[in-house]
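Asks: Requesting a structural model of the entry that follows:
(one chain, ligands or ions: 1)
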Amino acid sequence: MPGRARPRAAIGCGLAIALSLACNRVTIGPVPAADAPSVLLVTIDTLRWDHVGAYGGDPQATPTLDALAREGARFETAIAAAPLTLPSHASILTGLLPPRHGARHNGVYRVPAAVETLAERFARAGYATGAVVGAAVLERRYGLAQGFASYDDVFATAGRAGEAERPAAEVTARARAWLAQHEGPFFLWLHYFDPHADYQPPPPFAERFAGRPYDGEIAAVDAALSEVLGDLERSGRLARTCVAVTADHGESLGEHGEATHAYTLYDSTLRVPLILRGARVPAGRVVPGVIRTVDIAPTLLALSGLAPFEDVDGQDLGPLLDGTAGAAVAPRIAYAETLAPRLDHGMAPLHALRSASLHYVRAPRPELYALASDPRQLENLAETQPERAAAELAALAGQLDGVLAAAGPEESIEVDAASRSRLESLGYAVPSAPVPENGMDPKDGLPWIEGFLDALFALQRGDRAAARSFLERMVAALPTSAHAHALLARILLDEGRADAALLHAESAAHLVPQAPDYPLLVGDAQAALGRADAARRAYERAGELDPAAPLPHVGLAWLALRAGALDEALREAERAAELAPVDASVREAAGEVLERAGAYERALAHYEEALRLAPEALRLHAILAIQLARLGREQESREARARAGPAASDPLLSTRLAIVYAARGEGARAEAILREVLGGRADYEPARRALERLQRERGAAMGTAPADSGG
Ligand SMILES: [Zn+2]
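Replies: Numbers count the residues shown, from 1 in each chain. Take a look at the predicted model:
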């Protein structure tokens, strides 16, 4: 099975001395004594090392982290395994590099069950295990929940732009609640997401770090973490707790032409803080040299007195901590990779090796940097001094091949062989060949990648035309970009151009066949074109690839509704809501299907739940007003409409409300609402048609019965 029983990565073999020291160091029994040390692992998403005070950043932002570093040890040069959240966290929690744990990109792959995690080790040793994660990218379906008795990944996603996330204060509140319920030795992992773009620190950090919102987000996390540590201190448990703080990756902040992270492999996104504090960690120690975040899991096991992992890429950092190993610890070299350029845009993937003195990036145009004179990795010696660099490049390339040779098969979030064969029986080829790529070096393609992100922001701002025109140029120049095809398909669908959307959705699905989002788009396009069978097949494929995804069921519910299969529509809508009970947008979608199917009370229940989850979403109040009017609850309907504010005059929702009144026989009220809509937008077709129909019906009604029930 992936991740187990494969040869150790060459990087590990190259460091046999350190390894034998590490592995022989601690082997104690499997059951923790009542006073066994607990472990608090904190990962702060997107935190560059040099924005932590102890590492030379602004100490105003990180008093808690800096205190931990003073009371414990910090590692000067810690290198993450990938500039991507899931792959990097998987490495932190397993001690395996991405080629071996297999979760090599967000949203596409999962950590296979056969891979052993830190949480599984602690759980087996009798520890209470819990996790509180701050972003949807680490939801349990991606495989990191294994070993955690409690994996708190519940999100309310509506009303927030971009990635579903929860703020530091909420992660902390949930962590404190968990700690209050667990008394014995524990392993708790907290994931704070705030420093991830976009940067919108809460008060008072927005004001305190005006003009530096990234630091403001870091400061908010630091303050939130201090509350967790305060609880441990007050309950007398801090002294018995090993605290480890690190990050999954950094943030380019404009260096090397990249705004955020994922598509380059330099220190800006790979170098992270690593701070350890605990009874067996000497205070105030600064450990020089390169270490890797894959070393964290073996180190935490050793510090807890648990047996080491049998065969992982990481090594116990203990010998570096207490200084006893001294010169006997061989210098480490760090491996990192990103498959995001390939999977997102069809460019070449990147692989890197970083030692204390050299930084090597394997790319179509390879890169080599001498870190002593060029710490910011600006002068590529492979291009400026090719003869001098040739021998180093060849040696590093050989080492890199060794790491990649240890790679196991990748496991996408597709569940098992049975669903694969079901897919194939549905007529889907499930290619095992690599994704087609155009060989473009990501550093040459970065302007496209950054342009893509700008298009995404333009779309969020509502500037659809700007986004579309950029994406049309991008797919022409870079037809291997699945991301560009998919976003363009979404825009074209919104514009009612389903035939064009279908072509781009199919391109994306063809480029990355294991990604579940793309068949979903294909399904939406086919459904818009009225091709129910093709749409159904696409939705079913999306569901096979990701059985936990609610949206394929929303799509199937709409198809059933259109086909008049009301029972099936109700079943699929309820299934979607079951899969994402706290996702307001899914609740809303389920409500809409149920409403159309005539299940008004059930629809109302889902709308109310959506509103509870996203009370700031004004249009939900307007939608609720429609349902309440439909059920004759007029007073509540008026109140909901009042709460809707500007959304109460949304033309579509107002037209729907008018149609409800018309159906209830309140023609005059319906007409007044429609006239108001047309007063604001004379060309609004749905309102114009509804008004014409209403007038025809009222005319006919008046011909036979002059008294108007709608008065
Ligand atoms: Zn991340």
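Asks: And the strands in the stretch 501-650 of the chain?
Replies: Per DSSP state E, counting those that start in this stretch, the stretch 501-650 of the chain carries no strands over any range.
Asks: which stretches of it form helices?
Replies: For the stretch 501-650 of the chain, helices defined by DSSP state H, counting those that start in this stretch occupy the ranges 517-528, 532-545, 551-562, 566-579, 584-596, 600-613, 618-630, 634-643.
Asks: Report all helices and strands that the third one contacts.
Replies: The one in question is helix 551-562. helix 517-528, helix 532-545, helix 566-579, helix 584-596 (3 or more Cβ pairs under 8 Å, 6 or more residues apart in numbering; DSSP states H and E). For glycine as for every other residue, the C-beta is placed from the backbone atoms N, C-alpha and C.
Asks: Take the helices of the stretch 501-650 of the chain and write them to TSV, including mean neighbour count and mean pLDDT.
Replies: Putting the helices of the stretch 501-650 of the chain into TSV (neighbours: other Cβ atoms under 10 Å; pLDDT from 0 to 100) gives the following:
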stretch	mean neighbour count	mean pLDDT
helix 517-528	25	96
helix 532-545	21	95
helix 551-562	24	96
helix 566-579	20	95
helix 584-596	24	93
helix 600-613	20	93
helix 618-630	23	93
helix 634-643	16	94
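Asks: Could you dump those into CSV and include distance to Ser469?
Replies: CSV is the format used below for the helices of the stretch 501-650 of the chain (distance: least, Cβ to Cβ, whole Å):
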stretch, distance to Ser469
helix 517-528, 20
helix 532-545, 27
helix 551-562, 27
helix 566-579, 34
helix 584-596, 27
helix 600-613, 34
helix 618-630, 28
helix 634-643, 38
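Asks: so which of those helices comes closest to Gly667?
Replies: helix 618-630 (14.1 Å; Cβ to Cβ).
Asks: contact partners of the closest one?
Replies: With Cβ atoms under 8 Å, 6 or more residues apart in numbering as the contact definition, helix 618-630 has outside contacts at 158, 584, 588, 591, 595, 600, 603-604, 607-608, 610-611, 614, 634, 636-638, 640-641, 643-648, 650, 653, 656-657, 660-661, 663-664.
Asks: What residues does the stretch 151-300 of the chain have near the ion?
Replies: Listed as neighbours of the ion in the stretch 151-300 of the chain under the rule Cβ under 5 Å from the ion: Asp248.
Asks: Low-confidence stretches in the stretch 151-300 of the chain?
Replies: Where the stretch 151-300 of the chain drops to pLDDT under 70, the residues are 154-164.
Asks: Just the strands from it, written as ranges.
Replies: With DSSP E, counting those that start in this stretch as the criterion, the stretch 151-300 of the chain has strands at 186-192, 241-246, 271-272, 274-277, 285-292.
Asks: Number of residues surrounding Thr62?
Replies: 29 (other Cβ atoms under 10 Å).
Asks: Distance of it relative to the ion?
Replies: For Thr62, the distance to the ion equals 18 Å [Cβ to the ion, to the nearest Å].
Asks: Met347 versus the residue of the stretch 351-500 of the chain found nearest the ion, what's the distance?
Replies: Nearest residue of the stretch 351-500 of the chain to the ion, counting by Cβ to the ion: Leu453, 15.2 Å away. Taking Cβ to Cβ, to the nearest Å as the criterion, Leu453 is separated from Met347 by 15 Å.
Asks: Just to be sure, Ala131 is in a helix?
Replies: No. According to DSSP: H, G, I helix; E, B strand; the rest coil, Ala131 belongs to no helix; its state is strand.
Asks: partner residues bridging it?
Replies: Tyr151, Trp189 (DSSP bridges).
Asks: got a list of what it touches?
Replies: 119, 144-145, 148, 150-153, 188-191 are the contacts of Ala131 under Cβ under 8 Å, 6+ apart.
Asks: which among those end up buried?
Replies: Applying 16 or more other Cβ atoms under 10 Å to the contacts of Ala131, the neighbour count classes 119, 144-145, 148, 151-153, 188-191 as buried.
Asks: List of residues touching the helix or strand hosting Ala500?
Replies: Counting by DSSP states H and E, the element that carries Ala500 is helix 498-511. Contact with helix 498-511 is made by 346, 435-436, 475, 479-483, 485-486, 488-490, 492-493, 515, 518-519, 521-522, 524-526, 528-529, as judged by Cβ under 8 Å, 6+ apart.
Asks: before we move on, the earlier item: closest one of the buried ones among the contacts of Ala131 to Phe470?
Replies: Distance to Phe470 across the buried ones among the contacts of Ala131 (Cβ to Cβ) is lowest for His191, with 32.8 Å.
Asks: In this structure that closest one contacts Ser88, no?
Replies: No. His191 lies out of contact with Ser88 (Cβ atoms under 8 Å); the separation is 11.2 Å.
Asks: mind listing the helices for the stretch 251-400 of the chain?
Replies: 267-270, 296-303, 318-322, 340-345, 381-384, 386-405.
Asks: mind listing what's buried in the fourth one?
Replies: In this case it means helix 340-345. 340-345.
Asks: Same question for the fifth one.
Replies: Neighbour counts over helix 381-384 (16+ other Cβ under 10 Å) mark 381-382 as buried.
Asks: Can you name every helix or strand that it contacts?
Replies: Going by 3+ Cβ pairs under 8 Å, 6+ apart, helix 381-384 lies up against strand 367-370, helix 386-405.
Asks: most tightly surrounded among the ones you listed?
Replies: Comparing the helices and strands packed on helix 381-384 by mean neighbour count (mean count of other Cβ atoms under 10 Å), strand 367-370 ranks first with a mean of 22.
Asks: for that strand, what is the average pLDDT?
Replies: Averaging pLDDT along strand 367-370 yields 97.
Asks: Which strands border it, and is each parallel or antiparallel?
Replies: strand 358-362 (antiparallel).
Asks: Residues contacting the partner strand from elsewhere in the structure, which ones?
Replies: Under Cβ under 8 Å, 6+ apart, the answer for strand 358-362 is 265-267, 350-354, 366-371, 377, 392-393, 396-397, 400.
Asks: Now do the contacts for the residue of the chain found nearest the ion.
Replies: Nearest residue of the chain to the ion (Cβ to the ion) works out as Thr85 at 3.1 Å. Neighbouring residues of Thr85 by Cβ under 8 Å, 6+ apart: 45, 106, 135, 137-138, 248-249.
Asks: What's the ChimeraX syntax to select whichever of these are buried?
Replies: The ChimeraX command for the buried members of these (criterion: 16+ other Cβ under 10 Å) is given here:
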select :45,106,135,137,138,248,249
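Asks: Report the contact partners of the closest residue to Ala73 other than its chain neighbours.
Replies: In space, and not counting its chain neighbours, Ala73 is closest to Arg285: 3.9 Å by Cβ to Cβ, 6 or more residues apart in numbering. Contact partners of Arg285, counting by Cβ under 8 Å, 6+ apart, are 72-74, 321, 323.
Asks: How about Ala372?
Replies: Applying Cβ under 8 Å, 6+ apart, we find Ala372 in contact with Ser357.
Asks: Report the separation between it and Arg362.
Replies: Ala372 is 22 Å from Arg362, by Cβ to Cβ.
Asks: what's in contact with stretch 582-594?
Replies: For stretch 582-594, contacts defined as Cβ under 8 Å, 6+ apart pick out 154-159, 164, 550-551, 554, 557-558, 561, 569-570, 572-574, 576-577, 579-581, 600, 602-607, 609-611, 613-614, 617, 620, 623, 627.
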